[in-house]
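> sequence-free structure coming up:
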């Protein structure tokens, strides 16, 4: 049984959050950051391990709005609990470029 494309998209819970804290993840096999992301008062703060070190420094990420998948489950990555998956896409050199809203939107807002 296949899922119609729109129904498949709606299975993902994509939300906007703001990075409030970012630290290098020294135990990760690939260079990564540990992120603490605020998704507003209804959802709160969630964590993510993200391989963003090619284009970003921690100071660049703090205060930045990002789009994340909320409902893929929690994974432990080199001892760090990653609760959400931050979304990005590759540039011409295969470095991750973050997805973010082009204007201010309420934290926790759902992508549709």
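Received it, and whenever you're ready, just let me know what you need. Note that the structure is a prediction, hence the values are computed from the model and not measured. Residues are numbered from 1 along each chain as shown.
> Distance-wise, check the closest residue in space to residue 58 that isn't next to it in sequence relative to residue 79.
Excluding the flanking residues, the one nearest residue 58 by CB to CB, 6 or more residues apart in numbering is residue 22, at 4.0 Å. To be clear about C-beta, it is placed using only N, CA and C from the backbone, and glycine gets the same treatment. Distance, residue 22 to residue 79, by CB to CB, to the nearest Å: 17 Å.
> Compare neighbour counts for these two and give me the winner.
Counted by other CB atoms under 10 Å, residue 22 and residue 79 do not tie: residue 22 has more neighbours, with 23 against 11.
> Helix or strand: which one has the more buried one?
Element membership of residue 22, judged by DSSP states H and E, is strand 14-24.
> swap in residue 10?
Short version, using DSSP H and E: residue 10 is in helix 5-11.
> Identify the residues contacting that helix?
3, 71 (CB atoms under 8 Å, 6 or more residues apart in numbering).
> any idea of the mean pLDDT in it?
Helix 5-11 shows a mean pLDDT of 75.
> Only the buried residues of that helix, if you could.
The neighbour-count check on helix 5-11 (16 or more other CB atoms under 10 Å) flags nothing as buried.
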